[in-house]
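Asker: pasting the structure only:
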């Protein structure tokens, strides 16, 4: 079992930056690939970024490439999402998730454990 708790979401103006954190507890964090997803009101949950267990490989949805960076610190059992040049369309609840699979995956059903989410609101 892995417990995940996100933090760092808040209201920010367009063009601003935020860093989301996801603290993990429970089973060995470093054995899991980690992902960030987001869900805007009235929309389906969508993949944002993923990082492999060792922090070497990453993958992003096209809409955030060049603006968002996923990273992890296995010593602190934490994964981060640095978000720069934020846009109003980035407004959503952001979730982190843990995947015990061997390769990076982008479908939410592939992930085994989820946090409760943190709200990010970008004003224009």
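Answerer: Sure, I can see it. Since the structure is predicted, the reported quantities are computational estimates derived from the model, not experimental observations.
Asker: alpha carbons only for contacts and neighbour counts from here, please
Answerer: OK.
Asker: centroid residue for the protein?
Answerer: Residue closest to the average C-alpha location in the chain (Cα atoms, centre = their mean): residue 36, at 2.3 Å.
Asker: would that residue count as being in a strand?
Answerer: Yes. Counting by DSSP: H, G, I helix; E, B strand; the rest coil, one finds residue 36 located in a strand.
Asker: that one contacts residue 98, correct?
Answerer: No. Contact criterion Cα atoms under 8 Å: residue 36 and residue 98 do not qualify, at 9.1 Å.
Asker: retrieve the pLDDT associated with the residue nearest to the centre of the chain.
Answerer: We have a pLDDT of 98 for residue 36.
Asker: contacting residues for it?
Answerer: Residues counted as contacts of residue 36 (Cα atoms under 8 Å, 6 or more residues apart in numbering) are 47, 48, 49, 50, 81, 94, 95, 96, 97.
Asker: ranges for the strands of this protein?
Answerer: Here the chain has its strands, by DSSP state E, at 2-7, 11-13, 18-26, 33-39, 46-51, 58-60, 68-73, 78-83, 92-99, 113-114, 118-123.
Asker: so which of those comes closest to residue 107?
Answerer: Proximity to residue 107 (Cα to Cα) singles out strand 46-51 among the strands of the chain, at 6.9 Å.
Asker: now do the closest one: distance to the chain's middle.
Answerer: 6 Å (Cα atoms, centre = their mean, to the nearest Å).
Asker: stretch 52-66 too?
Answerer: Using Cα atoms, centre = their mean, the offset of stretch 52-66 from its chain centre is 10 Å.
Asker: any idea how far apart the tips of that stretch sit?
Answerer: With Cα to Cα, to the nearest Å as the measure, the first residue of stretch 52-66 is 19 Å from its last.
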